[in-house]
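Trainee: Have a look at this prediction, sequence included:
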Amino acid sequence: MSSAPLLHPGIYERLLDLDLAQLLAERPEFQALLGKVDDEECPEIYTQFIGHLLREALHSCHPQARLPLVNRLVALLASADGLDYLSGKTLPDEPATRLLALRPPLPDGSFQQFSRPETPLSISSSLTGARSDRRSNTSFGKK
């Protein structure tokens, strides 16, 4: 086992879980500044926490185990009081499929075409200032 510290001095916004509490207990020479999470912040904080755990778990597990794991989590959430409507979010037992567009019919019998953006819709890219974001570089660079 390595003697290198897993926790370094610095600024954090990390939710205190059992692993982090153990790491802090192993570093008594440091002062840990802890703060309560406001009720209004809890949904977002918990969402980020679970998102990181889920990402790690899904990357670590065998590809055929991913769908059953996701559906077990959906079932667990749906079993909570007042959340039974989530059972409709169970994924079908087939390869993962996404809806990419819903195209209305045109008078000639064809369907309307849509141009897909360069950045996937699931990724936020507005006002990133990234070099690849030509619009924000030219729009804001002149100010």
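Mentor: Arrived safely, thanks for sending.
Trainee: So which elements touch the one helix or strand Gly51 maps to?
Mentor: Per DSSP states H and E: Gly51 is located in helix 42-60. Counting by 3 or more C-beta pairs under 8 Å, 6 or more residues apart in numbering; DSSP states H and E, the packing neighbours recorded for helix 42-60 are helix 63-78. Yep, even glycine has a C-beta here, placed from its N, CA and C like the rest.
Trainee: buried ones in the helix it packs on?
Mentor: Of all the residues in helix 63-78, those buried under the rule 16 or more other C-beta atoms under 10 Å are Leu67, Val70, Val74.
Trainee: Excluding chain neighbours, what is closest to Arg14?
Mentor: Nearest residue to Arg14 in three dimensions, chain neighbours excluded: Leu20, at 6.2 Å (C-beta to C-beta, 6 or more residues apart in numbering).
Trainee: now the one you found, what's its secondary structure?
Mentor: Counting by DSSP: H, G, I helix; E, B strand; the rest coil, the backbone at Leu20 sits in helix.
Trainee: what's the distance between Pro9 and Pro28?
Mentor: Distance, Pro9 to Pro28, by C-beta to C-beta, to the nearest Å: 14 Å.
Trainee: what about this protein, any weak spots by pLDDT?
Mentor: Low-confidence segments of the chain, defined by pLDDT under 70: 1-5, 125-143.
Trainee: Nothing else from me, thank you.
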